[in-house]
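# Sequence and predicted structure below; questions after.
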Amino acid sequence: MTDPAQNPRFFALIPCAGTGSRANTAVPKQYQPVAGFPMVLHTLAAFAAVPRIADLVVVVAPEDHFFEQQSAPCLIANCGGSTRAASVFNGLLELFEQGATPADWVLVHDAARCLVTPAQINALIDACEHDEVGGLLALKLADTLKCESDGRVAATLDRSDKWLAQTPQMFRIGALIEALQQAGDQVTDEAGAMEAMGHRPKLVPGDAQNFKVTYPQDFALAEIILRSRT
Ligand SMILES: Nc1ccn([C@@H]2O[C@H](COP(=O)(O)OP(=O)(O)OP(=O)(O)O)[C@@H](O)[C@H]2O)c(=O)n1
Ligand SMILES: C[C@](O)(CO)[C@H](O)COP(=O)(O)O
């Protein structure tokens, strides 16, 4: 029998239980059609195209029935919480229920980042699979960075060491559960929880196209990019 500690598997966990309040859509933004399909189905298709991913868990809100009408190649867990961190934490417990072990890796990825590609997912795995901690896709700042006070510039900050955190973010399941338990519900990404435990997650260069669809104007850009790929 293979030892999970020697041969860790890769799982994916997609938090999909938000309401998308900033997107102003009639349905939660992850179900808004983009380039012919609800946004989250593009996200799932990218992960389904990575054979190294052993299993995919999508965390939706308790009353969410969207996937009952779909034949998605993944497990749907109706255990979404009131914050993203709570949804991720509940999803990790579900992964344990499904047989994952603490030494296995999990790649946590926002449903709302529907432009992620199999190449980006593979790049993160390649960069982190032999790392002690794990890491995340992220983007170096391209613009000059300002600090604000009362609507006016208070200072121009040094941007040379600043990165924008993206997803997927990849950590050992056991370590991430412990980190999220300590960090609480308000932490905004998995790396933040790991940092609070004293770890230094690896920054793996991502792609500007892997942006999080957040505001109404983001849908048109996502649509153009997705259509340009087919
Ligand atoms: N309680 C929550 C909140 C967010 N998410 C998920 O976390 C991802 C990133 O969150 P964000 O883009 O902030 O989504 P929302 O919280 O839905 O958006 P908003 O803050 O505009 O309401 C999304 O895929 C979202 O569905 C989740 O699973 N559970
Ligand atoms: C995890 C994340 O995508 C990293 O950029 C982001 O923090 C999630 O969005 P939120 O607005 O912070 O919930």
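The structure has been received and is ready for your questions. Numbering: from 1, shown residues only. Ligands and ions are numbered 1, 2, ... in the order given.
# only C-alpha atoms for contact and neighbour calcs from this point on.
Fine.
# So is stretch 95-112 next to ligand 1?
Yes: for stretch 95-112, a contact with ligand 1 is found by CA under 6 Å from any ligand atom, at 110, 111, 112.
# Of those residues - the most surrounded one?
residue 111 (29 neighbours; other CA atoms under 10 Å).
# give the contact list for that one.
By CA atoms under 8 Å, 6 or more residues apart in numbering, the contact set of residue 111 is 14, 15, 16, 30, 39, 40, 43.
# How about the last one: what's its closest non-neighbour residue?
For residue 43, ignoring the flanking residues on the chain, the nearest one in space by CA to CA, 6 or more residues apart in numbering is residue 114 at 4.4 Å.
# Return the residues in contact with that neighbour.
Applying CA under 8 Å, 6+ apart, one finds that residue 114 lies in contact with 39, 40, 41, 42, 43, 210, 212, 213, 222.
# Can I get the buried part of those as one PyMOL selection?
For the buried members of these, the matching PyMOL selection, counting by 16 or more other CA atoms under 10 Å, is:
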select buried, resi 39+40+41+42+43+210+212+213+222
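# Which ones among the contacts of residue 114 map onto helices?
Members of those lying in helices (criterion: DSSP state H): 39, 40, 41, 42, 43, 222.
# what's the pLDDT at the residue nearest to residue 43?
Residue 114 is assigned 98 on the pLDDT scale.
# Also residue 1?
pLDDT, read off for residue 1, is 49.
# And residue 54, by the same measure?
96.
# So it belongs to a strand, correct?
Yes: when DSSP: H, G, I helix; E, B strand; the rest coil is applied, residue 54 is found to be in a strand.
# So it versus residue 187, what's the distance?
Distance, residue 54 to residue 187, by CA to CA, to the nearest Å: 27 Å.
# neighbour-wise, which of those two wins?
residue 187 (16 against 13).
# show me the contacts for the more buried one.
Here residue 187 is in contact with 85, 180, 193 (criterion: CA under 8 Å, 6+ apart).
# just checking, residue 47 is part of a strand?
No: under three-state DSSP, residue 47 falls outside any strand and is assigned helix.
# and the longest strand anywhere in the chain, anywhere near ligand 2?
The residue-count maximum for a strand in the chain (DSSP state E) belongs to strand 163-172. Yes: using CA under 6 Å from any ligand atom, we find that strand 163-172 touches ligand 2 at 165, 166, 167.
# Next, give phi and psi for the closest residue to residue 15 other than its chain neighbours.
Spatially, and ignoring its direct neighbours in sequence, residue 15 is nearest to residue 59 (5.0 Å; CA to CA, 6+ apart). For residue 59, the backbone dihedrals (degrees, to the nearest 10) come out as phi -100, psi 120.
# Tell me, how many residues neighbour residue 59?
Residue 59: 29 neighbours (other CA under 10 Å).
# For ligand 1, see how far away the closest residue to residue 25 other than its chain neighbours is.
For residue 25, ignoring the flanking residues on the chain, the nearest one in space by CA to CA, 6+ apart is residue 32 at 7.2 Å. Here the criterion is CA to the nearest ligand atom, to the nearest Å. By it, residue 32 lies 12 Å from ligand 1.
# Can you verify my assumption that residue 61 contacts residue 76?
No: under the criterion of CA atoms under 8 Å, residue 61 makes no contact with residue 76, lying 10.1 Å away.
# OK, contacts around the residue nearest to residue 25?
Per CA under 8 Å, 6+ apart, neighbours of residue 32: 25, 38, 39.
# And for residue 40?
Per CA under 8 Å, 6+ apart, neighbours of residue 40: 16, 30, 31, 111, 112, 114.
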